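Engineer: Output the structure for:
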Amino acid sequence: MGFGRGGFGGGNDMPKPVKVGDELDVTIEAVAAKGDGIAKKEGFVIFVPGVAVGENCKIRITAVKASSAVAEKVV
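Structural biologist: Below you'll find the model as predicted:
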C-alpha cells in the first residue's frame, strides 16, 4: 500500500534539486560506463556528455528522471 515497485515510494515522490532549464556551475566528478561525465547537486546525479573528469563547467539541465538528470554543457 503506497510503496510502489521501488519499495520506498519508487523515488518519484521525492523533490528533485534541479529542473529542466536550470543552469549550474559544476565540477565533473567521474565518468559513467557510457562515457558521460557525472556531476552532482545535493547528491542528485547529473549526466553530462562531452566533458572530462575534473572539468569545471556551466551546464543546462535538459531532462529530469526519477533518480538522475541529463544536462548539456553551456558554451
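
Engineer: how far away is the nearest residue to Phe44 once chain neighbours are set aside from Ala69?
Structural biologist: Nearest residue to Phe44, sequence neighbours excluded (CB to CB, 6 or more residues apart in numbering): Pro17, at 5.0 Å. For every residue, glycine as well, the C-beta is placed using N, CA and C. Using CB to CB, to the nearest Å, Pro17 is found at 9 Å from Ala69.

Engineer: and if you look at Val18?
Structural biologist: Taken as CB to CB, the span from Val18 to Ala69 is 5 Å.

Engineer: The spatially most central residue of the chain pairs with what?
Structural biologist: Central residue of the chain (CA atoms, centre = their mean): Ile46, 1.8 Å from the mean position. Bridge pairing for Ile46 (DSSP bridges) gives the partners Ala39, Ala69.

Engineer: Quick one: residues contacting it.
Structural biologist: Contacts for Ile46 were tallied using CB atoms under 8 Å, 6 or more residues apart in numbering; they are Val18, Leu24, Val26, Ile38, Ala39, Lys40, Ile59, Ile61, Ser68, Ala69, Val70, Ala71.

Engineer: Show the buried residues in those residues.
Structural biologist: Among the contacts of Ile46, the ones that count as buried by 16 or more other CB atoms under 10 Å are Val18, Leu24, Val26, Ile38, Ala39, Ile59, Ile61, Ser68, Ala69, Val70, Ala71.

Engineer: would you list these in JSON lines and tack on pLDDT?
Structural biologist: As requested, the buried ones among the contacts of Ile46 are exported to JSON lines (pLDDT from 0 to 100):
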{"residue": "Val18", "pLDDT": "98"}
{"residue": "Leu24", "pLDDT": "98"}
{"residue": "Val26", "pLDDT": "98"}
{"residue": "Ile38", "pLDDT": "98"}
{"residue": "Ala39", "pLDDT": "98"}
{"residue": "Ile59", "pLDDT": "98"}
{"residue": "Ile61", "pLDDT": "98"}
{"residue": "Ser68", "pLDDT": "97"}
{"residue": "Ala69", "pLDDT": "98"}
{"residue": "Val70", "pLDDT": "98"}
{"residue": "Ala71", "pLDDT": "98"}
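
Engineer: All set now, cheers.
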